[in-house]
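[1] with the sequence up front, the predicted model follows.
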Amino acid sequence: MRAQDEDGRLGPAELGAGLGERATLVQFSTAFCAPCRATRRVLADVAALVPGVVHVEIDAEARLTLVRALDIRRTPTVLVLDADGRIVRRAAGQPRRADVLAALGEAL
């Protein structure tokens, strides 16, 4: 499995879910990660608030090939993708809602 297509984009094949019409918030999580649960709530809230944005959560332990290919080193890690699936921002750790909204500004 390739981590990205030839143009450096992530798509449904890599993510296991469709891209948002305007942007996609991709969260890499693990089962016993407490900050991952809080991150899930923040990203789901933002996705519900901003039209055309979707939140995709990926179990890092189940998708080790993708994790290695994208150099994900800790959970939670969040990638912000533009409408074409290009990574425009990435951050490790639990994000604040305001930071997620600011990062989305770069993707929209």
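    Perfect, I can see it now.
[2] can you list the residues that contact stretch 50-68?
    For stretch 50-68, contacts defined as Cβ atoms under 8 Å, 6 or more residues apart in numbering pick out 1, 3, 14-31, 40, 43-44, 46-47, 72, 75, 83, 101, 104, 108. (Glycine included, C-beta is placed from N, CA and C.)
[3] I meant to write stretch 15-30 there.
    With Cβ under 8 Å, 6+ apart as the test, stretch 15-30 has contacts from 10-12, 36, 39-40, 43, 46-47, 50-61, 63, 67, 72, 75-83, 85, 100, 104, 107-108.
[4] just the buried positions in it, please.
    By neighbour count with 16 or more other Cβ atoms under 10 Å, stretch 15-30 contains the buried residues 15, 19-20, 23-29.
[5] which stretches of the chain form helices?
    In the chain, the segments counted as helices under DSSP state H are 12-15, 34-49, 64-69, 97-107.
[6] hmm, back to that, could you turn the buried ones of the contacts of stretch 15-30 into a PyMOL selection?
    In PyMOL, this line selects whichever of the contacts of stretch 15-30 come out buried by 16+ other Cβ under 10 Å:
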select buried, resi 10+11+36+39+40+43+46+47+50+53+54+55+56+57+58+60+63+67+72+75+76+77+78+79+80+81+82+85+100+104+107
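[7] restricted to strands, list the contacts of stretch 15-30.
    Among the contacts of stretch 15-30, DSSP state E puts 53-59, 77-82 in strands.
[8] now render these as TSV, adding pLDDT and distance to Arg89.
    Listed next are these as TSV, based on pLDDT from 0 to 100; distance: Cβ to Cβ, whole Å:
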residue	pLDDT	distance to Arg89
Val53	98	13
Val54	97	16
His55	98	14
Val56	98	15
Glu57	98	17
Ile58	97	16
Asp59	97	21
Thr77	98	11
Val78	98	8
Leu79	97	7
Val80	96	4
Leu81	96	9
Asp82	96	10
